[in-house]
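In: Pasted the sequence and its predicted model underneath.
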Amino acid sequence: MNPYVLAILLSSLGMGTTLTFASSHWLLAWMGLEINTLAITPLMAQQHHPRAVEATTKYFLTQATAAAMILFAATTNAWVTGEWDINNLSHPIASTMMITALALKVGLAPMHFWLPEVLQGLDLLTGLILSTWQKLAPFALIIQVAPTIDPLMLTLLGLLSTLIGGWGGLNQTQIRKILAYSSIAHMGWMIIILQHAPQLTMLAFGMYIFMTSAAFLSLKLASATKISTLTTMWSKTPVLASTTALALLSLGGLPPLTGFMPKWLILQEMAKQELPLTATIMALAALLSLYFYLRLCYAMTLTISPNTTNATTPWRIKTTQSTTALALSTMIALGLLPITPAILALVT
């Protein structure tokens, strides 16, 4: 892709998200979401592969539907109450329609159906943008409208997302689909605590971005898109295989890795809010996700390629890819648990 075109598209991505963050009017927020969608569409289809074009079409149609629902919900609220302000979404029909549209935008269950299919057709870097940056703007709107949403609906969205995100990833062989279901499960953890402690939602989202970045960038460096590809990773790049396995376990929420922090704090807050049954279901649903992360780690670190090769091993050859972002995100994804009190004090 022409570097000037790429620069315009990436700056449009940033501008769309910033516009949604900064706006207090529904039309401006909607405009930011539309700029976001239109900017990432060419990036998704840049490979000109039928699978990439199919994924782009599915993504565009889904996002267009969600954007139409957002506009319709905002118009309905303005018609009934005379208010276009984001914080004054007071009509129950409009607020229900809005949370449904935003859930479709970020891929919350049961509006998750498009995410695994779309992510499967993308390059790993574009998939990383879709899994992290593209969720920022809709999630900012979800946090703002959460006080007006029925608490039962938010709880159901969270529980369904963690359960479907766990079950859906169990029988997958494609890593991108597994990471898509992982994303759905993590979104469920963020939504479930939103009504009680929004700061924990933002903390969980920040940690999710770093852990997912570490996983995607590691897989990009190893050129791995299938579980079968991972089986030769240890003999090729042992250090990268170790850090990738730890990043995946961090996504699963195992101590002493960073991923344990948001799950621990969310379960603690739910216990404080006297929701022991919901907390128990969430903890058990996390075990489903942990199973497929362990499956990836097993393939990566405990299997060795049956063939011996006489070629120079890839880890002895200098890579042309920049590894600064990978090193930074991996460090954050693995080592922040000891400073949990400081981070908690910062966000609260």
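Out: Great, that's in hand. The structure displayed is predicted, hence computed values, not measured ones. Numbers count the residues shown, from 1 in each chain.
In: All the helices of the stretch 101-250 of the chain, residue numbers only.
Out: Listed in chain order, the helices of the stretch 101-250 of the chain (DSSP state H, counting those that start in this stretch) span 114-120, 124-131, 133-145, 151-168, 175-192, 198-222, 227-230, 233-236, 238-252.
In: which one of the ones you listed is the most hemmed in?
Out: Stretch with highest mean neighbour count among the helices of the stretch 101-250 of the chain: helix 175-192 (a mean of 26; mean count of other Cβ atoms under 10 Å). All C-beta spots, glycine's among them, are computed from the backbone N, C-alpha and C.
In: And I192, how far from L257?
Out: 21 Å (Cβ to Cβ, to the nearest Å).
In: which intervals of the chain have sub-threshold pLDDT?
Out: Across the chain, residues meeting the criterion (pLDDT under 70) sit at 305-318.
In: Let me see the domain layout of it.
Out: 1-149, 160-306+323-348 (automatic domain parsing).
In: Distance from the chain centre to the shortest one, please.
Out: The chain centroid and the centroid of domain 1-149 are separated by 13 Å under Cα atoms, centre = their mean, to the nearest Å.
In: Quick one: end-to-end distance for that domain.
Out: Distance between the two ends of domain 1-149: 42 Å, counting by Cα to Cα, to the nearest Å.
In: Could I get the full set of strands for the stretch 1-150 of the chain?
Out: When assigned using DSSP state E, counting those that start in this stretch, the stretch 1-150 of the chain turns out to have no strands.
In: Just give the number of residues close to P338.
Out: Neighbours of P338 under the rule other Cβ atoms under 10 Å: 10.
In: mind starting the numbering at 54 from now?
Out: Fine by me, first position is 54 from now on; the one you just mentioned is P391.
In: mind checking how far it is from P309?
Out: 8 Å.
In: Identify the residues contacting G306.
Out: G306 sits next to G312, F313, P315, K316, A339, S342, L343 when contact means Cβ atoms under 8 Å, 6 or more residues apart in numbering.
In: For the closest residue in space to the second one that isn't next to it in sequence, give me phi and psi.
Out: Spatial nearest neighbour of F313, excluding adjacent residues (Cβ to Cβ, 6 or more residues apart in numbering): G306 at 5.3 Å. Backbone torsions for G306, taken as degrees, to the nearest 10, come to phi 90, psi 30.
In: how close does G306 get to A238?
Out: Counting by Cβ to Cβ - G306 and A238 are separated by 10 Å.
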